[in-house]
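Chemist: have a look at this fold, sequence not included:
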């Protein structure tokens, strides 16, 4: 187990800098939006059974921003047929309902397109079209800032920036899940196909707590969902311990081979996934709070406060986990076990205790990532299973069993999936990430940060 | 509780077209995992490539299904090459991850709306079955009255399917008692020993991957013919996992293991399904709706399946016919 402190430090510094920057910009821009007044605010999400696209077209050259009226807007589905039309009102806003119930639209991608001809003569939109992936059964906000003529080529850059922000949020969550998988693999040799179910467990645990009657008040504020996240973290850790104590430890004692354990984990995955569906149903679910939040606008980029907090919490957890692994006695012991279990046992390290701690920590991180993922985009009983291949991709890409590798791999995969939608349709974004995995294996089988050793 | 009904439906399933598909898929996995020790988790990908090749050649260009079959087999070999080149030199779990990823790449690409012009997107393709249906010699319902019967079309699929299964078993039996098969088995036991005897392990593994993939291709053809349609949802990741369960029930590294395993697997899955469906339906159900609704009842068989796979692997990894010493479950 080899951790390069410089690399990881640099990466985290980058992430923190980015988050601070984005956060700072958000605070800075907040008053401006407020000054824009009611005329140029995004419409409020409406809680009904139809997904609406809430949009706003504002001229950013004026202060406060001036609404642009009478621009025709069309919404197309992924096959290019028009499913909704509208025009901006006097306050620059438009609301277009998507056809069909919200459940039918989940997972689909729509393109919101401005009709360039209907814009006022001297203006140019910075973005002419935006792609929306419907992951959550709530209304979707889009913003089309209008600048001076000739500024239109910034469209791709704006879109890239928006995707980059989304990619960072996703990467942080992916990294939390990947770290656990990688550490469990490192210490026990188990390629755990039921790791995705640990992620789902966190989302369901948080949801169960959220659904309990009553609310948790802290200082007069309803903090139910916040507490639910903490509960998910703790219970997931306990679930990880139970996994290890009830199943994997006895199997290790019997001397079960790693491939047998891998197949057992497939059985466990099928079992748990169906148990989850048994109790929580097949539909997509959201927590009672924060499902529809008003996004901040940082220039042309939309960013919700929820996403910022999720990212910050995730980065904090990753920092905490990596520091614990680096600087504490137990962390050193963990890395020693990951490097060579037999030798560590011989030097007096209690290998079973280390493995138990890894399971608790790994499952807690995975569970929290599931709960936070559920917070950002809703969840269903197979959210973790759908994520599993990306987790594997991240871990193998970075180097199986390494700490920094899992995190770096997660960021590469997370950003790649989001940014690749600039060039290919959104439905291919996972395909691209998995192809990247295979390409890297061809060139560098041990992964980017893995030790060059015989793995054949 | 109508046990007659449970028995007859489960027999129909255990001997029917579904069992054939999984028997063929598991025969392929038997060559990979049982004989060579390769952990291919992407059998669904091989099935899908072949099935879609057969169907789309007929629906897009109006060509004969036979041409589609030949192209499907050729594409399967190409896929095996593409997967084998980056992974066969690596440890077993790398092959597992890459093959499962490849199967998902194939499934998401073929199911994409962008390509729906050719592959029908999530809805899949239909309208290719007539040439196959017109060859059907049977009419009416066929089987043993009062015990188990199938429709004429299903029985036609079964006739073709079981013939294929028998042929495949014969091929596997002949190959595995040949010197070639003995090399495969030795690779499973000790790769380095085989290498030291001057055999090209990489090349043998690649041939094994191709051969097993070809059996998977037959399973893909049968999937399309059985349903008279094809769609991405037929080839989910779980298909491969079920095929592994089938293989492990019967016993890996045994010629008839996958066949018996598939019959037992689908008999049990169907029996559990019908049992829980009956137990939760009617005016006064055996299991009250407060504990289990009929939707939940349909999940019980998969809960048992997951549990069964775990217990099988822990307590009897060699399945019914297998030999524990011949199982490649301790990675090198």
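Modeler: On my side now, so go ahead. Quick caveat, the model's predicted, so the values are computed rather than measured.
Chemist: what's near enough to touch the closest residue to chain A within chain B?
Modeler: Using CB to the nearest CB, the single residue of chain B nearest to chain A is residue B:306, 2.8 Å away. The way it works is simple: take the backbone N, C-alpha and C, and place the C-beta from them, glycine included. Residues counted as contacts of residue B:306 (CB atoms under 8 Å, 6 or more residues apart in numbering or on different chains) are A:267-274.
Chemist: mind doing that once more with 6 Å?
Modeler: A:267, A:270-271 (CB atoms under 6 Å, 6 or more residues apart in numbering or on different chains).
Chemist: of the residues you listed - the most surrounded one?
Modeler: residue A:270 (27 neighbours; other CB atoms under 10 Å in any protein chain shown).
Chemist: now do the strands in chain B.
Modeler: B:125-126, B:142-144, B:148-150, B:229-230 (DSSP state E).
Chemist: point out the most buried one among those strands.
Modeler: Each of the strands of chain B was given a mean neighbour count from mean count of other CB atoms under 10 Å in any protein chain shown, and the largest, a mean of 23, is that of strand B:229-230.
Chemist: thinking again about what came up before, which one of the contacts of residue B:306 is nearest residue B:135?
Modeler: residue A:270 (37.5 Å; CB to CB).
Chemist: for that closest one, give me the pLDDT.
Modeler: Note for residue A:270: predicted pLDDT of 96.
Chemist: secondary structure class for it?
Modeler: helix (DSSP: H, G, I helix; E, B strand; the rest coil).
Chemist: just give the closest residue to it, not the sequence neighbours.
Modeler: residue B:306 (3.5 Å; CB to CB, 6 or more residues apart in numbering or on different chains).
Chemist: show me what secondary structure element comes after the top helix by length along chain A.
Modeler: Longest helix in chain A, counting residues (DSSP state H): helix A:155-188. Sequence-wise, the next helix or strand downstream of helix A:155-188 (DSSP states H and E) is helix A:195-211.
Chemist: so is that following helix next to chain B?
Modeler: No: if you take CB under 6 Å from any CB of the partner chain as the test, helix A:195-211 misses chain B, and the best it gets is 10.2 Å.
Chemist: how about that helix, which residues are buried there?
Modeler: A:195-207, A:209-210 (16 or more other CB atoms under 10 Å in any protein chain shown).
Chemist: so how far is residue A:391 from residue A:413?
Modeler: Distance of residue A:413 to residue A:391, computed by CB to CB, to the nearest Å: 9 Å.
Chemist: again, but for residue A:352
Modeler: Here residue A:352 is placed at a distance of 25 Å from residue A:391 (CB to CB).
Chemist: where does chain A dip in pLDDT?
Modeler: Scanning chain A for pLDDT under 70 picks out the ranges A:1-41, A:45-49, A:60-64, A:101-104, A:106-107, A:124-126, A:135-138, A:147-154, A:291-292, A:452-456.
Chemist: tell me how it divides into domains.
Modeler: A:51-150, A:164-443 (automatic domain parsing).
Chemist: please identify the most buried of those.
Modeler: Of those, the one with the most neighbours on average (mean count of other CB under 10 Å) is domain A:164-443, at a mean of 21.
Chemist: what parts of the stretch 51-200 of chain B come near chain A?
Modeler: So the stretch 51-200 of chain B meets chain A at B:86, B:89-91, B:93, B:97-98, B:101, B:104-105, B:108-109, B:112-114 (CB under 6 Å from any CB).
Chemist: and with 8 Å instead?
Modeler: Proximity of the stretch 51-200 of chain B to chain A (CB under 8 Å from any CB of the partner chain) is limited to residues B:85-87, B:89-94, B:96-98, B:100-102, B:104-105, B:108-109, B:112-114, B:116.
Chemist: quick check: neighbours shared by residue A:413 and residue A:391?
Modeler: Common contacts of residue A:413 and residue A:391, defined by CB under 8 Å, 6+ apart, comprise residue A:174.
Chemist: how many neighbours does the closest residue to residue B:60 other than its chain neighbours have?
Modeler: Using CB to CB, 6+ apart and skipping the chain neighbours, the partner closest in space to residue B:60 is residue B:118 (6.0 Å). Residue B:118 is flanked by 13 other residues according to other CB under 10 Å.
Chemist: hmm, residue B:118 is touching residue B:55, no?
Modeler: No: the criterion here is CB atoms under 8 Å, and residue B:118 misses it with residue B:55 at 10.7 Å.
Chemist: distance check, the residue of the stretch 251-400 of chain A found nearest chain B against residue A:237.
Modeler: Using CB to the nearest CB, the closest approach of the stretch 251-400 of chain A to chain B is made by residue A:271 at 2.8 Å. Here the criterion is CB to CB. By it, residue A:271 lies 21 Å from residue A:237.
Chemist: over to residue A:344?
Modeler: Noted for residue A:344: a distance of 23 Å to residue A:237, by CB to CB.
Chemist: same question, residue A:374
Modeler: Separation of residue A:374 from residue A:237 (CB to CB): 17 Å.
Chemist: OK, contacts around residue B:309?
Modeler: Counting by CB under 8 Å, 6+ apart, residue B:309 makes contact with A:263-264, A:266-267, A:270, B:241, B:244-245, B:248.
Chemist: check residue A:112 too.
Modeler: Residue A:112 is in contact with A:53, A:55, A:73-75, A:96, A:129-132, A:142, counting by CB under 8 Å, 6+ apart.
Chemist: can we see that at 6 Å?
Modeler: With CB under 6 Å, 6+ apart, residue A:112 has these contacts: A:53, A:75, A:130, A:142.
Chemist: the chain: helices as residue ranges?
Modeler: Just going to use chain A. Under the criterion DSSP H, chain A contains helices at A:5-36, A:102-105, A:155-188, A:195-211, A:224-243, A:249-254, A:258-280, A:305-327, A:329-339, A:341-346, A:351-377, A:383-398, A:403-419, A:429-443.
Chemist: that's the wrong chain, I meant chain B
Modeler: Under DSSP H, chain B gives helices at B:3-15, B:17-29, B:43-61, B:65-87, B:92-110, B:116-119, B:130-133, B:152-176, B:179-189, B:191-196, B:201-227, B:237-250, B:257-280, B:294-315.
Chemist: need the winner for burial among those.
Modeler: Mean neighbour counts for the helices of chain B (mean count of other CB under 10 Å) peak at helix B:17-29, with a mean of 29.
Chemist: look up the pLDDT of the residue nearest to residue B:206 when sequence neighbours are not counted for me, please.
Modeler: Nearest residue to residue B:206 in three dimensions, chain neighbours excluded: residue B:84, at 4.7 Å (CB to CB, 6+ apart). Residue B:84 carries a pLDDT score of 91 in this model.
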